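*Asks:* Task: produce atomic coordinates for the following.
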Amino acid sequence: MNEIKQSKTAIVLTLDAHGGATREQRLYGGVLEARFLNVTGRWASSGTDAAPLLTWESHEEAEACAETASRSRSRPVRVYSVKGARYGVFASYGKQHTSALLGYLPYSAAAARKLEGERKRLMGYASVMLAGATESQDADKMIAAMKEEAHRLRDAGIGGGSWLSAAQGLTGKKALDVFQRIIDGELECDAGLTPEAIWQAIQIGHVLSSRR
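*Replies:* This is a model prediction of the structure:
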């Protein structure tokens, strides 16, 4: 891995009109943010320690890799340059990253189980907030509806049965990371939920957590 200083340019690969970028703009507004290829073969707005963005030493090398990625994905992949450290962690492209050009790399069994557990918790916590949202004009009914849903989830093995812990869980970094994966299309919502509904639940969670 390597750090990109504020003034340095990094050569990366980007996927035009990424579905997650479009969904993100629809939810948050603002500029349509690009998505860049990371070491797992996925497209992200920034790199992390666990999944750095790939960067190339030359445009020529990057162009050759973009052609490979375009053929594999049947979509145009382009070479792009970004400036500054706002894009997070990078890794210099090497032969060990060839598979990332061809598509998503599978998670290990342990990582996949952990990610699915975090996804289920996010879905459950969101359902608690949304249960209360239907009774938003009556505070007592809202709390009762959230308690009932939280207890149902506890019986199903998700959470401890507290609506407040569900609200706080939605404000944490893990929940936001999983939500970003949903926005990017890497993970799916449960039946009856949408990214927009989950975002609404996250906002409700922030409001309720700040009042306690």
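*Asks:* Show me what counts as buried in stretch 132-152.
*Replies:* 132-133, 142, 145-147, 149-152 (16 or more other Cβ atoms under 10 Å). In this view, the C-beta of every residue, glycine as well, is placed from N, C-alpha and C.
*Asks:* Just flag the most distant two among those.
*Replies:* The most widely separated members of the buried residues of stretch 132-152, counting by Cβ to Cβ, are Ala133 and His151 (17.6 Å).
*Asks:* quick one: the residue nearest the centre of the chain and Tyr93, what's the gap?
*Replies:* Geometric centre of the chain, nearest residue: Gln180, 1.9 Å, by Cα atoms, centre = their mean. From Gln180 across to Tyr93, the span is 24 Å (Cβ to Cβ, to the nearest Å).
*Asks:* How is the chain divided into domains?
*Replies:* The chain resolves into domains spanning 9-102, 109-210 when parsed by automatic domain parsing.
*Asks:* among the ones you listed, which gets the worst mean confidence?
*Replies:* Per-segment mean pLDDT for these reaches its minimum on domain 9-102, at a mean of 86.
*Asks:* which residues sit against the helix ranked longest in the chain?
*Replies:* Longest helix of the chain, by residue count under DSSP state H: helix 109-133. Identification of contacts with helix 109-133 by Cβ atoms under 8 Å, 6 or more residues apart in numbering yields 106-107, 142-143, 145-146, 148-150, 153, 156, 158-159, 163, 166-167, 169-170, 174-175, 177-179, 181-182, 187, 189-190, 193, 197-198, 200-202, 204-205, 208.
*Asks:* List buried members of those by neighbour count.
*Replies:* Members of the contacts of helix 109-133 classed as buried by 16+ other Cβ under 10 Å are 142, 145-146, 149-150, 153, 158-159, 163, 166-167, 169-170, 175, 178-179, 181-182, 187, 189, 193, 197-198, 200-202, 204-205, 208.
*Asks:* List the buried residues for the longest helix of the chain?
*Replies:* Of the residues in helix 109-133, those buried (16+ other Cβ under 10 Å) are 115, 118-133.
*Asks:* Give me the neighbour count for Ala51.
*Replies:* 17 (other Cβ atoms under 10 Å).
*Asks:* Tell me how far the closest residue to it other than its chain neighbours lies from Ala197.
*Replies:* Excluding the flanking residues, the one nearest Ala51 by Cβ to Cβ, 6 or more residues apart in numbering is Asn38, at 4.6 Å. Distance of Asn38 to Ala197, computed by Cβ to Cβ: 27 Å.
*Asks:* tell me the contacts of Glu57?
*Replies:* Neighbour list for Glu57: 11, 92-93 [criterion: Cβ under 8 Å, 6+ apart].
*Asks:* how about the strands in the chain?
*Replies:* Using DSSP state E, the strands of the chain run over residues 9-15, 36-37, 43-44, 53-55, 77-83, 90-92.
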